[in-house]
Each structure stands twice: as structure tokens, then as C-alpha cells.
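Participant: Turn this into a model:
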Amino acid sequence: MDCFFHSNVPSVAPCADCRKPICATCRDAQGYCPSCRLAAKIDAAAATRPGIAGEVPPRTKQQWRQQAQWQQQAQWQQGPPQQPAAAPRVTVNDASDPVESRVLVALGFPLAPLALLSLFDRKHSKWLRKQAYQAIGFNLGMAGLYAMLSFLIHIPLIDISATILLAFMLPVYLVLSVYFGIKVWHGDDVNVPIVGDWLEEKLPA
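Facilitator: Now for the predicted structure:
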């Protein structure tokens with residue numbers, strides 16, 4: 001015989017109180033089912049509650065037990081809660097931006113003149129114009145960093161460190177420019193350090 005609370009699970013013994021067939025998971029050490037244990041707790045709590053004037057007649061033990069059985073059975077029949085579906089990836093790209101304009105701005109990260117040229121396109125959205133400013137700021141920042149390191153290599157004591165950093169400038173520039181360009185192409189927002197914060201103040205979304 002199947003368990004009263006679990007369908008397709010064989011029972012091992014009847015409940016010591018209500019005599020319903022229950023499985024090993026539902027049966028406790030004293031032989032009671034979950035509904036009888038819940039009813040016992042409700043009875044103990046109701047016994048300690050003081051009476052209230054004008055209160056309707058209290059439920060009998062059998063009524064409490066029946067309600068507990070219905071609630072317990074309904075809870076097991078519902079099964080485990082379903083996980084919510086993953087939220088779709090949200091982009092901030094304006095759908096009205098032409099593909100050519102988006103490509104031009106994306107190429108503006110490795111090729112700064114293209115980002116400057118894209119600012120003359122009147123079909124740009126505010127989002128795409130902001131990305132073009134980020135591309136220009138990125139290239140200006142990398143050029144300024146290169147100029148500073150080129151100056152520092154002529155100063156004793158720090159010339160070795162500056163030379164090492166200068167050697168990594170080109171690989172870092174290529175990797176970052178390609179990364180930012182791909183993000184703009186896919187419609188994701190780019191936030192270049194320092195430049196992005198300054199644009200957030202001057203060009204709010």
C-alpha cells in the first residue's frame with residue numbers, strides 16, 4: 001500500500017494514532033504521522049491560550065487533525081518550488097542605431113580617427129554618441145600614458161620601471177581596444193575608467 005502523504009512510495013506501518021499508512025520518511029520514532037504530530041502541537045498551543053469573551057466554539061481535535069492532514073497532503077502534492085527563469089540579457093543600446101554607425105564607433109576604439117568621424121553622424125542616439133566620446137577619451141588617455149612613460153625613461157632610478165611598463169603598453173592597448181569595441185558592437189555599455197565617470201557627469205543617460 002502506498003504512503004498516504006507520498007504517492008508511489010510504499011508504506012511501512014500505519015500511524016499509531018490515525019492508522020493511516022505512512023512511509024519511513026513520514027513516520028517518527030513514536031510511530032506518528034506528520035499530520036498527527038502537527039495536530040498535537042496545535043492542541044498543546046490551544047490548551048495554553050486563554051479564552052476570549054464572545055469567541056466562536058473552538059474546533060475539536062478531530063477537526064484540527066483533518067485540517068492538518070489536508071494542509072500536509074497539499075504541500076507534498078505541490079512538489080518542490082520551481083526555479084524562476086533566468087532573466088534575459090539586457091543591453092542599453094538604442095535599437096534605432098544603424099549597424100554602420102555602431103560598427104564605426106566600435107572600430108573607433110582601436111582607430112581613434114573613426115571615433116572622431118562618427119561624431120559627425122546625426123543619426124546617432126545619445127547612447128552611441130556617448131560610446132564615441134568614450135573611444136576618443138580612451139585613445140587620448142592611452143596616448144597621454146605613453147607620453148608620460150616615454151618621459152620617465154630619461155629619469156634615473158625610475159627609468160627601468162618606466163621601460164618595463166612601456167613595453168606592455170602596446171599589448172594592453174590592443175587587448176582593451178578590441179574588448180571595448182566588441183562590447184559596443186554587441187550593444188553593451190562601455191565604462192572606460194576616469195573617462196566614463198567624467199562622461200556620466202557631463203552626459204547623463
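Participant: alpha carbons only for contacts and neighbour counts from here, please
Facilitator: Fine.
Participant: since we're on I194, how many residues are nearby?
Facilitator: 12 (other C-alpha atoms under 10 Å).
Participant: Just give the number of residues close to G187.
Facilitator: Neighbour tally, G187, other C-alpha under 10 Å: 19.
Participant: scratch that, L165
Facilitator: By other C-alpha under 10 Å, neighbour count at L165 equals 15.
Participant: can you check A29 too?
Facilitator: The number of residues near A29, taken as other C-alpha under 10 Å, comes to 6.
Participant: Give me the three-state assignment for it.
Facilitator: coil (DSSP: H, G, I helix; E, B strand; the rest coil).
Participant: Please tell me how far it sits from I153.
Facilitator: According to C-alpha to C-alpha, to the nearest Å, A29 stands 80 Å off from I153.
Participant: What of W127?
Facilitator: Counting by C-alpha to C-alpha - W127 and I153 are separated by 39 Å.
Participant: try D159
Facilitator: 4 Å.
Participant: what does M169 give?
Facilitator: Distance from M169 to I153, by C-alpha to C-alpha: 14 Å.
Participant: What about Q71, how many residues nearby?
Facilitator: 13.
Participant: mind checking the SS state of it?
Facilitator: Following three-state DSSP, Q71 is assigned to helix.
Participant: Can you name the residues that contact it?
Facilitator: The contact partners of Q71, taken as C-alpha atoms under 8 Å, 6 or more residues apart in numbering, number zero.
Participant: Now do it, the pLDDT please.
Facilitator: Q71 is assigned a pLDDT of 74 by the prediction.
Participant: This protein: helices as residue ranges?
Facilitator: With helices called from DSSP state H, the chain shows them at 34-48, 61-78, 99-107, 112-118, 126-152, 159-185, 195-202.
Participant: CSV please, covering those helices and showing distance to P10.
Facilitator: Putting these into CSV (distance: least, C-alpha to C-alpha, whole Å) gives the following:
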stretch, distance to P10
helix 34-48, 16
helix 61-78, 15
helix 99-107, 63
helix 112-118, 71
helix 126-152, 63
helix 159-185, 57
helix 195-202, 64
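Participant: Dump stretch 134-151 to CSV, restricted to CA.
Facilitator: Presented in CSV, the C-alpha positions along stretch 134-151 are these (Å, rounded to 0.1, in the frame of the first residue of the first chain):
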residue,chain,number,x,y,z
GLN,A,134,34.5,57.1,-24.6
ALA,A,135,36.5,55.8,-27.6
ILE,A,136,38.1,59.2,-28.0
GLY,A,137,38.8,59.5,-24.3
PHE,A,138,40.3,56.0,-24.2
ASN,A,139,42.7,56.8,-27.0
LEU,A,140,43.7,60.2,-25.5
GLY,A,141,44.3,58.6,-22.1
MET,A,142,46.5,55.8,-23.6
ALA,A,143,48.4,58.4,-25.6
GLY,A,144,49.0,60.5,-22.5
LEU,A,145,50.1,57.5,-20.6
TYR,A,146,52.6,56.6,-23.3
ALA,A,147,53.9,60.2,-23.4
MET,A,148,54.4,60.2,-19.6
LEU,A,149,56.3,56.8,-19.6
SER,A,150,58.4,58.0,-22.5
PHE,A,151,59.4,61.0,-20.4
